[in-house]
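Novice: Let's see this in three dimensions:
(chains A and B)
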Amino acid sequence: MSDLRVRFAPSPTGYLHIGGARTALFNFLLARKEQGTFVLRIEDTDVERSTQESVDAILQAMDWLGLSYDEGPFYQSDRYDLYKSKVSELLEKGHAYRCYCTSDELNAKREEATKSGGHPRYDGTCRERIDQPDAPFVVRFKTPQEGSAAFVDRIKGTISVENAELDDLIIQRTAGNPTYNFVVVIDDAEMGITLVMRGDDHVNNTVRQIPMYEALGYEVPEFAHVPMILGADKKRLSKRHGATSVMDYKVMGYLPEALVNYLVRLGWSCGDEEIFSMTDLIDKFSLDNVGRSAGVFNPEKLLWLNEHYIKTGDPERLGGLVAELLEGQGVVVSDGPDMASVVKTLQERAKTLVEMAEGARFYFEAPISYDEDAATKFLNAEKRGVLELLIKHLGALADFTFEDVENAFKAVMEESGLKLGKIGPTVRVALTGGTVSPSIYDVVTVLGQDAVVTRLQKASASIS
RNA sequence: GGUCCCUUCGUCUAGCGGUCAGGACAUCGGCCUUUCACGUCGGUAACGCGGGUUCGAUUCCCGCAGGGAUCACCA
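Specialist: Okay, the predicted model is just below:
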């Protein structure tokens, strides 16, 4: 156990997206690597947009990815009393003040400032105000106006900004609830977070938050800002670039280990290595190898990784997953062939579980009709003889192993004088209804004697 | 627009003063083959630009250009 304490702090205003997942993953990996503590905190100070459904969706996605946390989830909405007391503390110490400017006034000022080329920041109207009228107010933090704020980012290096660039942030809304930039400081400090790792888009917040740590008498933690994930057009990844929700990938038939592997390699590397199990990652992950520039999300590479994990995955486990999909489509798998055997015939030809389920369907449902072109080509009068031979030899088998099946086919080839190239397609159409399937001996073996003979007979009968 | 950050093949990246600039995805060819795939062999493809520093810059420094982030009573 080390002193490292990191956290993932999503706001429950939607599903867990790709970018958030990567941030969570990095935090998780570092915590595990350093044997530190990974805290989950739900940032729900935006009461308008936060929902319980979103919390559940995020938790579910993290669970699917295998990102477990040691503490939490903590909800900021449960901690309002703490925030309140901290606001009072800052008010008393003179580090904060009441601001009576209305949003309308502020917007107008901002607009005017922008128009005249100035900085659209708060002008400090109420900063030195001493009266306290009986009117709605927000509380603002008194940001130092001189000097500069600097910190050493664990990923980006030294970052510094002149304090004069900063304005006085609102820390408590008119409604009395606190804002993000304030509670994040309190929570990270109170939860003993030693390293704040979050998205790049928070860099600018960091320099505003540091003075708050100081005003509150907290120790300032370390920071690490991970670069953004972009779409193919180099714009911030969004829905128009395709699926951005982690769980979307689950329904598209992706394996969690593929997504984890892809996400970690987007922005992090370990020499020339491409394939990492979670165990590898916990062993090898380090902030030193995290890149500083934004990365483009590449669905093709993710697909390739998924293909890899399907190819190398445990047939039993994949079978369970495929069975689930099939059942979801109303396919009864319980009295069909052994699922793991089915999976083995498909592992090298499916890139996703969804594809695999499609490819597996015929094992459980005999073809209702035959592909028209395929039937005219491979299920015509001249094929009838071969079909009958097949039925004879395969039907006569006492055992139905791969070798037995192979031998039966050999016998048919010998008796008919036809090569496998002439027989295979016919069998394929008869058994699967189409022209694409796993290797024909595998299909026959896995499908089993009864089903094979029945389908062959049906095909033979269909030839008029 | 201000501020901050970033910049190696189309994409993800290795590189940490001297390399034929490496790998992976994608792409293009060949091979394998009972369909579709898998596999396999090989090819195309990058250091944004301009100045320095240095015997020598992809690598260090400074400009420029381009890209991103942020400037809310959102997080």
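
Novice: Are we agreed that residue A:74 is in a strand?
Specialist: Yes: counting by DSSP: H, G, I helix; E, B strand; the rest coil, residue A:74 is found in a strand.

Novice: Just give the closest residue to it, not the sequence neighbours.
Specialist: residue A:41 (4.6 Å; Cβ to Cβ, 6 or more residues apart in numbering). C-beta: built from backbone N, CA, C; applies to glycine.

Novice: Report the contact partners of the one you found.
Specialist: A:7, A:8, A:9, A:72, A:73, A:74, A:75, A:76, A:187, A:191 (Cβ atoms under 8 Å, 6 or more residues apart in numbering).

Novice: Tell me which helix or strand it sits in.
Specialist: Element membership of residue A:41 [criterion: DSSP states H and E] is strand A:37-42.

Novice: ok, that strand: who's next to it in the sheet?
Specialist: strand A:5-8 (parallel), strand A:71-75 (parallel) (DSSP bridges).

Novice: May I have the shortest one as PDB, with CA atoms only?
Specialist: Put plainly, it is strand A:5-8. What follows is strand A:5-8 as a C-alpha-only set of coordinates in PDB (Å, rounded to 0.1, in the frame of the first residue of the first chain):
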ATOM      1  CA  ARG A   5      -4.600   8.400  -3.800                       C
ATOM      2  CA  VAL A   6      -6.300   9.100  -7.100                       C
ATOM      3  CA  ARG A   7      -9.800   9.500  -8.100                       C
ATOM      4  CA  PHE A   8     -12.200   9.400 -11.000                       C
END
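
Novice: Can you give me the buried ones in the one helix or strand in chain A whose mean pLDDT sits lowest?
Specialist: For chain A, counting by mean pLDDT, DSSP states H and E, helix A:103-115 ranks last in confidence among helices and strands (a mean of 74). Neighbour-count burial for helix A:103-115, counted by 16 or more other Cβ atoms under 10 Å, picks out A:106, A:109, A:110.

Novice: With stretch A:326-340 instead?
Specialist: Per 16+ other Cβ under 10 Å, stretch A:326-340 contains these buried residues: A:326, A:331, A:333, A:336, A:337, A:339, A:340.

Novice: My guess is the second one contacts residue A:365. True?
Specialist: Yes: with contact defined as Cβ atoms under 8 Å, residue A:331 and residue A:365 form a contacting pair (6.2 Å).

Novice: for whichever residue of the stretch 151-300 of chain A sits closest to RNA strand B, helix, strand, or coil?
Specialist: Residue nearest to RNA strand B within the stretch 151-300 of chain A: residue A:293 (2.8 Å; Cβ to the nearest atom of the strand). In three-state terms, and counting by three-state DSSP, residue A:293 is coil.

Novice: Skipping its backbone neighbours, what lies nearest it in space?
Specialist: residue A:227 (5.7 Å).

Novice: That neighbour: how many residues sit nearby?
Specialist: 20 (other Cβ atoms under 10 Å).

Novice: next one: residue A:254
Specialist: Counted with other Cβ under 10 Å, the neighbours of residue A:254 add up to 24.

Novice: before we move on, what about residue A:393?
Specialist: For residue A:393, the tally of surrounding residues (other Cβ under 10 Å) stands at 18.

Novice: and if you look at the one 5 residues further on?
Specialist: Neighbour count of residue A:398, defined by other Cβ under 10 Å: 6.

Novice: Distance-wise, check the closest residue to residue A:249 other than its chain neighbours relative to residue A:78.
Specialist: Of all residues not flanking residue A:249 in the chain, residue A:259 sits nearest, at 5.5 Å (Cβ to Cβ, 6+ apart). Per Cβ to Cβ, to the nearest Å, residue A:259 is found 31 Å from residue A:78.
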